[in-house]
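Colleague: Sharing a model that was predicted from the sequence below.
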Amino acid sequence: MVSEKVQKDPYLDRIRNLKPDQLDSALIPFKQLLDRKTVANLQSCVNCGLCAETCHYYQATGELEAIPAYKLRLVKSLFKKLSTMLGGLKEKPDVTGILDSQIIERWVDSLYGRCTLCGRCALNCTMGINITRLIRMARTTLASIDLVPPELQSTVTTAVEKGNNMGIPREEWIDTLQWLSEELQMEVGDQKALLPVDKPGAKLLYTVNPREPKFFPLSLLATAKIFYAAKERWTVASDYYDVTNYGLYSGNDDEAGLLSSRLRESMVKLGAKALVLGECGHGYNSNRWEAPEWLAAEDRFEVKSIIQIIADYIRQGRIKLDRSRNQKLVTLHDPCNLVRLGGIIEEQRFILNNAVTNFVEMHPNREKNYCCCGGGGQLAMTRYAKRRLEAGKIKADQIRKTGAQVVVAPCHNCIDQLSELNREYDLKVEIKTVSEVVADALVIEKKEK
Amino acid sequence: MSHLDVRGKKIELNEEGFLTDSKQWDKQVAEALAQAAEGIDNLTPEHWMIIEFIRNHYLETNMAPMVRSICKTTGLPLRRIYELFPSGPAKGACKIAGLPKPDGCV
């Protein structure tokens, strides 16, 4: 299971040298997470095995360790040692040796290393078990004893310490925004066009994936162009603007909550009406659905995806699109966290039908779509990179079958993985955000002199 | 994990082809990485301008530069950067400049 080359790994050394008190301390958060719903979920698997074929990892490798029911069993076996026959927790369980390094190694390998938390197994479970939740719960348990794979933790730590997950210094973010403002002015022929920073009283506070300003600013420029065309009152924040939240993937709820609370700080500071999440699947799921749980507080403002905002602009006639500017055959990838787990399913299709001439679905699609295999923190966890590319073959095949020249994906994480699949499987496609395709079709009315 | 053989020297790479020890970098290593990562056989002066700027920026700040700084310093337009390094600034240029894999969605 564990190859020789990985054995030199300090992370695995740490696992193998865990002390009994460290192992015992993991039981505390585990037990705290065992609410009635979770217990019911843990006890409901009938071993029908249907989940195996729903998982891209199992499909790609046929390995036992990839089967969702196996992953569930890993979690369940710990629960069983702590519970009575009726499913209640034992008052005084004998915890000696309940967890050991071998068990932890198996957990890490399957629950971090062979899962993207994509939710496809849960959707197809005959018993309706939320397997994804149980796997994340196990990650939370591992996180409590500092066992998040270091490359994944590194992205969380950078976000916690530096305010965004790529550690972009504030002045460089501002400098990039100014540069993009100049580009926007040239593109639309209006000196007043800009990407506003910290503008009080703006209606929308827009959040971005740090990889946009850092390496791929054209997607941010495209969104700015759409806001300009819609005459939107919008702003970005100078400090907390990062839509991502790798705490969702690491399992550490405290860090996840902290990251989501910061976007709320920006909202309060700037007094915006709606928090608008850039094209980021897990950022949407985290900030729209999970954050109120992590923070134990309801939001007093709207939390929306930019996809919903763009669709509204089209419906309300606030932007005009010329489909004939996008003639290539376009297909759409459904990011798991935005679609299956996020519930935004038809808006992006409505947008594409208005923005491109030829749109073709890949199959399966919508909530049944396959994960690109870059989610769940896989993109960060270098140690599992080969598995990620191997399991991504299903996505590559799906794309190839459409014959499309352009793949649109409303998620930067997916886009990075799709770009790798593009090279690995020689797909020869262009990969774009929804904003980029819409910006290409925008009809900008020139300012009257 | 894999290796690059550069003039008899064994250079260790991680699972994604980034140097595991960025100190092992030199120009010959960059050429080998360019071949392995991007299929570039000959690095042009434009490539080198970018690679050297990224490398120096990393040595000074321990971080990859913003693509904005790359454009500003080299005078190259943004789209040219993507043409020169089809895998992008992170998995193309930074990798060839011997940087470790950056944090974030890359």
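Modeller: Received, thanks.

Colleague: wait, what's in contact with A:V330?
Modeller: A:L352, A:V356, A:N358, A:F359, A:V360, A:A404, A:Q405, A:V406, A:V407, A:V408, A:V437 (Cβ atoms under 8 Å, 6 or more residues apart in numbering or on different chains). For glycine as for every other residue, the C-beta is placed from the backbone atoms N, C-alpha and C.

Colleague: you'd agree it is in a helix?
Modeller: No - assignment of A:V330 by DSSP: H, G, I helix; E, B strand; the rest coil gives strand, placing it outside any helix.

Colleague: in the sheet, who's paired with it?
Modeller: A:V330 has these beta-bridge partners by DSSP bridges: A:F359, A:V406.

Colleague: A:I431 versus that one, what's the distance?
Modeller: 11 Å (Cβ to Cβ, to the nearest Å).

Colleague: among the contacts of A:V330, which ones are buried?
Modeller: A:L352, A:V356, A:F359, A:A404, A:V406, A:V407, A:V408, A:V437 (16 or more other Cβ atoms under 10 Å in any protein chain shown).

Colleague: isn't the third one right up against A:K328?
Modeller: Pointing back at A:F359 there. No - A:F359 is beyond contact range of A:K328, at 10.3 Å (criterion: Cβ atoms under 8 Å).

Colleague: which ones are touching the most centrally placed residue in chain A?
Modeller: Central residue of chain A (Cα atoms, centre = their mean): A:H282, 2.4 Å from the mean position. By Cβ under 8 Å, 6+ apart, the residues touching A:H282 are A:T244, A:N245, A:Y246, A:L248, A:Y249, A:N337, A:G375, A:C411, A:N413.

Colleague: how about the third one, what does it touch?
Modeller: Taking Cβ under 8 Å, 6+ apart as the contact definition, A:Y246 lies against A:L152, A:T155, A:V156, A:A159, A:N165, A:H282, A:G377, A:A380.

Colleague: re the thing from before, nearest to chain B among the contacts of A:H282?
Modeller: Among the contacts of A:H282, A:N413 lies closest to chain B (Cβ to the nearest Cβ), at 4.4 Å.

Colleague: What count of nearby residues applies to the residue lying closest to the closest one once chain neighbours are set aside?
Modeller: Spatial nearest neighbour of A:N413, chain neighbours left out: B:C105 (4.4 Å); criterion: Cβ to Cβ, 6 or more residues apart in numbering or on different chains. Counted with other Cβ atoms under 10 Å in any protein chain shown, residues neighbouring B:C105 total 30.

Colleague: Do you know the pLDDT at the spatially most central residue of chain B?
Modeller: By Cα atoms, centre = their mean, the mean C-alpha position of chain B lies nearest to B:I96, the distance being 2.4 Å. Per-residue pLDDT puts B:I96 at 97.

Colleague: go on, A:S3?
Modeller: 44.

Colleague: Repeat that for the one 4 residues further on.
Modeller: With respect to pLDDT, A:Q7 has a value of 46.

Colleague: before we move on, back to that, let me have the contacts of A:V330 in JSON lines, extended by pLDDT.
Modeller: Formatted as JSON lines, the contacts of A:V330 follow (pLDDT from 0 to 100):
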{"residue": "A:L352", "pLDDT": "98"}
{"residue": "A:V356", "pLDDT": "98"}
{"residue": "A:N358", "pLDDT": "98"}
{"residue": "A:F359", "pLDDT": "98"}
{"residue": "A:V360", "pLDDT": "98"}
{"residue": "A:A404", "pLDDT": "98"}
{"residue": "A:Q405", "pLDDT": "98"}
{"residue": "A:V406", "pLDDT": "98"}
{"residue": "A:V407", "pLDDT": "98"}
{"residue": "A:V408", "pLDDT": "98"}
{"residue": "A:V437", "pLDDT": "98"}
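
Colleague: If you drop the residues flanking it in sequence, what lies closest to the residue in the stretch 201-350 of chain A that chain B sits nearest to?
Modeller: Nearest to chain B, among the residues of the stretch 201-350 of chain A, is A:F215, at 4.4 Å (Cβ to the nearest Cβ). With sequence-adjacent residues excluded and distances taken as Cβ to Cβ, 6+ apart, A:F215 is closest to B:P89, at 4.4 Å.

Colleague: what sits against the one you found?
Modeller: B:P89 sits next to A:K214, A:F215, B:A64, B:V67, B:I70, B:I81 when contact means Cβ under 8 Å, 6+ apart.

Colleague: From the contacts of A:Y246, list just the buried residues.
Modeller: Applying 16+ other Cβ under 10 Å to the contacts of A:Y246 flags A:L152, A:T155, A:V156, A:A159, A:N165, A:H282, A:G377, A:A380 as buried.

Colleague: What parts of chain B come near chain A?
Modeller: Within reach of chain A by Cβ under 8 Å from any Cβ of the partner chain, chain B has these residues: B:1, B:14-16, B:18, B:63-64, B:66-69, B:72, B:78, B:87-91, B:101-106.

Colleague: Can I have the buried ones of those residues as a ChimeraX selection?
Modeller: Selection command for ChimeraX covering only the buried members of those, criterion 16+ other Cβ under 10 Å:
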select /B:14,15,16,18,63,64,66,67,68,69,78,87,88,89,90,91,101,102,103,104,105,106
